[in-house]
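Chemist: here you go, sequence then predicted model.
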Amino acid sequence: MDTSTVISLVAVAVVAVFTSITAPLILARRTERQHRHDQLADYQRQDEVARLAAATAARMLRQQQEMAEAAAEQAETAGVKLDAIHTLVNSDMTAARQSELDQTRVLLAVLRRVVHLSRARGQDPEAADLEALDSAEARAAELERMLADRLHQLRQVEDTARASGRAGQP
């Protein structure tokens with residue numbers, strides 16, 4: 001074997017060893033670069049999605065706040081209207097109860113007179129008259145309690161309205 005053959009064989013061996021070592025290193029580096037590029041692109045996509053999600057969440061939050069404010073305004077308006085309706089209904093019911101109490105008092109006066117006249121003649125009052133008298137007295141007491149409760153409630157509503165600054169508003 002001559003030297004040129006040996007040199008050729010050594011050169012081929014060195015090239016083979018060099019290629020077998022450097023080729024995987026080059027391939028690994030290329031793969032790593034591609035992986036880093038893909039990873040950076042993925043991070044950018046995730047950042048964009050997060051930015052869009054944050055913008056959407058902020059927009060939705062603003063919409064919810066606007067809706068809540070509108071609902072609060074509507075509730076306040078409805079509350080004022082309900083207070084006015086409640087006051088009107090209560091005043092009508094109070095007037096009706098007062099009228100019923102006045103009529104019951106007249107009936108009581110008549111029944112007491114009937115019972116008194118019966119006793120003045122020396123007769124026992126009729127059971128129906130005594131029963132009607134008891135019933136009328138109970139009803140008058142019940143109506144007086146109801147009217148006292150309504151008056152108390154009306155004063156509380158007025159105090160609350162005065163405290164909230166809505167006194168006299170429709």
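Modeler: That came through fine. Numbers count the residues shown, from 1 in each chain.

Chemist: packing partners of whatever helix or strand residue 52 lives in?
Modeler: Here residue 52, judged by DSSP states H and E, is contained in helix 3-120. Packing contacts for helix 3-120, counted by 3 or more C-beta pairs under 8 Å, 6 or more residues apart in numbering; DSSP states H and E, involve helix 127-164. No exception for glycine: its C-beta is placed from N, CA and C like everyone else's.

Chemist: which of the residues in the helix it packs on are buried?
Modeler: Neighbour counts over helix 127-164 (16 or more other C-beta atoms under 10 Å) mark 132-133, 136, 139-140, 143, 146-147, 150, 161 as buried.

Chemist: relative to helix 3-120, how tilted is it?
Modeler: Angle, helix 127-164 to helix 3-120, by axes from the mean of the first three to the mean of the last three C-alpha atoms, to 10 degrees: 140 degrees.

Chemist: which other helices and strands contact helix 127-164?
Modeler: When contacts are defined as 3+ C-beta pairs under 8 Å, 6+ apart, helix 127-164 packs onto helix 3-120.

Chemist: in CSV: the buried residues of helix 127-164, plus distance to residue 4.
Modeler: Formatted as CSV, the buried residues of helix 127-164 follow (distance: C-beta to C-beta, whole Å):
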residue, distance to residue 4
132, 147
133, 148
136, 144
139, 138
140, 140
143, 135
146, 130
147, 132
150, 127
161, 116
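
Chemist: mind putting those in a markdown table, pLDDT and distance to residue 76 included?
Modeler: Converted to a markdown table, the buried residues of helix 127-164 look like this (pLDDT from 0 to 100; distance: C-beta to C-beta, whole Å):
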| residue | pLDDT | distance to residue 76 |
| --- | --- | --- |
| 132 | 93 | 51 |
| 133 | 92 | 51 |
| 136 | 94 | 46 |
| 139 | 94 | 41 |
| 140 | 95 | 41 |
| 143 | 94 | 36 |
| 146 | 91 | 31 |
| 147 | 91 | 31 |
| 150 | 86 | 26 |
| 161 | 74 | 13 |
